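Asks: Fold the following.
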Amino acid sequence: MLARSSRFFDQRRGKLRTQAQRKKLRRIFCPELTILFPMKTLVIETSSDSALLALVQDGQVLSSVPLPGGPTLSKTLGLEIKKLLTSYPLPYDQIVLGTGPGSYTGLRVGAAMAQALAFGWNIPLLTACSLFAFAPSSGPFAVALDARLGGLYILPSDGPAQKLPTTEALSFLRRYPLITTPHPHLIQPKLPDLFLVHTHPDPLRLVAEAADRPLELLYL
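Replies: Numbering: from 1, shown residues only. Take a look at the predicted model:
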């Protein structure tokens, strides 16, 4: 079966423009070949000071590098990608980008880099709400993020992300036994009665929620 399938893909190869397309076809028609051609995903999450660059391959994190936020992010992100390519050379199959909510500068830097790489490497650019990066693997839970101009962004385990005024957010969050956030020091004063768990971005959670959708950044 493996030999026949290999010949099938050799015959079709000339009609497929990218390696990602070839791997997608293998997964559909010949799943036993996917172990020979694992998917490599570059993950860029720069919505907060807990920024991240990671490489994920079929459910395993091969590399994960925390990045500093602020004005040095642009330079640091480029340097870390260069280092990553040295250890894990091309080709990659797709890029996953966290699209916020988050800081204007961080999101713009991450999006610009992701778009440039996806275009240059001719691979898909998938996006996901950045709140998923800070979510636990199982619920019930809620992710809370300071909205700066007022209120909180909340991602509950049993519903969509939403923005709520602080008073409503406090009442809403009381129903969840686990509340995670990338910056508890910012929102703890708004939620004095609740216990917050500080979390760092998880590239696997972001990849799991990523989809091929229009790139729209949500700024704080």
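Asks: how close does Leu67 sit to Trp121?
Replies: 20 Å (CB to CB, to the nearest Å). Bear in mind the C-beta positions are built from the backbone N, C-alpha and C, glycine included.
Asks: Compare those two (neighbour count), which wins?
Replies: Leu67 (22 against 19; other CB atoms under 10 Å).
Asks: Without its sequence neighbours, what residue ends up closest to that one?
Replies: Using CB to CB, 6 or more residues apart in numbering and skipping the chain neighbours, the partner closest in space to Leu67 is Ala51 (3.8 Å).
Asks: if I look at the one you found, how far off is Pro91?
Replies: 25 Å.
Asks: These two: which is more packed in?
Replies: Higher neighbour count among Ala51 and Pro91: Ala51, with 27 against 11, using other CB under 10 Å.
Asks: now this structure, which segments are flagged as low pLDDT?
Replies: Low-confidence segments of the chain, defined by pLDDT under 70: 1-38.
Asks: quick one: contacts for Lys75?
Replies: Residues counted as contacts of Lys75 (CB atoms under 8 Å, 6 or more residues apart in numbering): none.
Asks: What residues sit buried inside the helix or strand hosting it?
Replies: For Lys75, the enclosing helix or strand under DSSP states H and E is helix 73-87. Of the residues in helix 73-87, 73-74, 76-77, 80-81, 84 count as buried by neighbour count, 16 or more other CB atoms under 10 Å.
Asks: repeat for stretch 138-154
Replies: Per 16+ other CB under 10 Å, stretch 138-154 contains these buried residues: 141-147, 151-154.
Asks: and of these, the nearest to Tyr219?
Replies: The nearest member of the buried residues of stretch 138-154 to Tyr219, counting by CB to CB, is Ala147 at 10.3 Å.
Asks: Assess the claim that that closest one and Leu220 are in contact.
Replies: Yes: between Ala147 and Leu220 there is a contact at 6.0 Å, judged by CB atoms under 8 Å.
Asks: Find the residues that touch each one of these two.
Replies: Shared contacts of Ala147 and Leu220 (CB under 8 Å, 6+ apart): Pro101.
Asks: How about Gln115, nearest residue that isn't a chain neighbour?
Replies: Spatial nearest neighbour of Gln115, excluding adjacent residues (CB to CB, 6+ apart): Leu125 at 6.5 Å.
Asks: Give me the distance from the helix holding Lys75 to the chain's centre.
Replies: Offset of helix 73-87 from its chain centre (CA atoms, centre = their mean, to the nearest Å): 17 Å.
Asks: Could you export that helix as CSV, CA atoms only?
Replies: The C-alpha coordinates for helix 73-87 follow below in CSV (Å, rounded to 0.1, in the frame of the first residue of the first chain):
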residue,chain,number,x,y,z
LEU,A,73,10.5,43.4,19.9
SER,A,74,10.9,44.0,16.2
LYS,A,75,14.7,43.5,16.3
THR,A,76,14.5,40.5,18.7
LEU,A,77,11.8,38.7,16.7
GLY,A,78,13.9,38.9,13.6
LEU,A,79,17.0,37.6,15.3
GLU,A,80,15.2,34.7,17.0
ILE,A,81,13.7,33.6,13.7
LYS,A,82,17.1,33.6,12.2
LYS,A,83,18.4,31.4,15.0
LEU,A,84,15.4,29.1,14.7
LEU,A,85,16.1,28.6,11.0
THR,A,86,19.6,27.6,11.8
SER,A,87,18.5,24.8,14.1
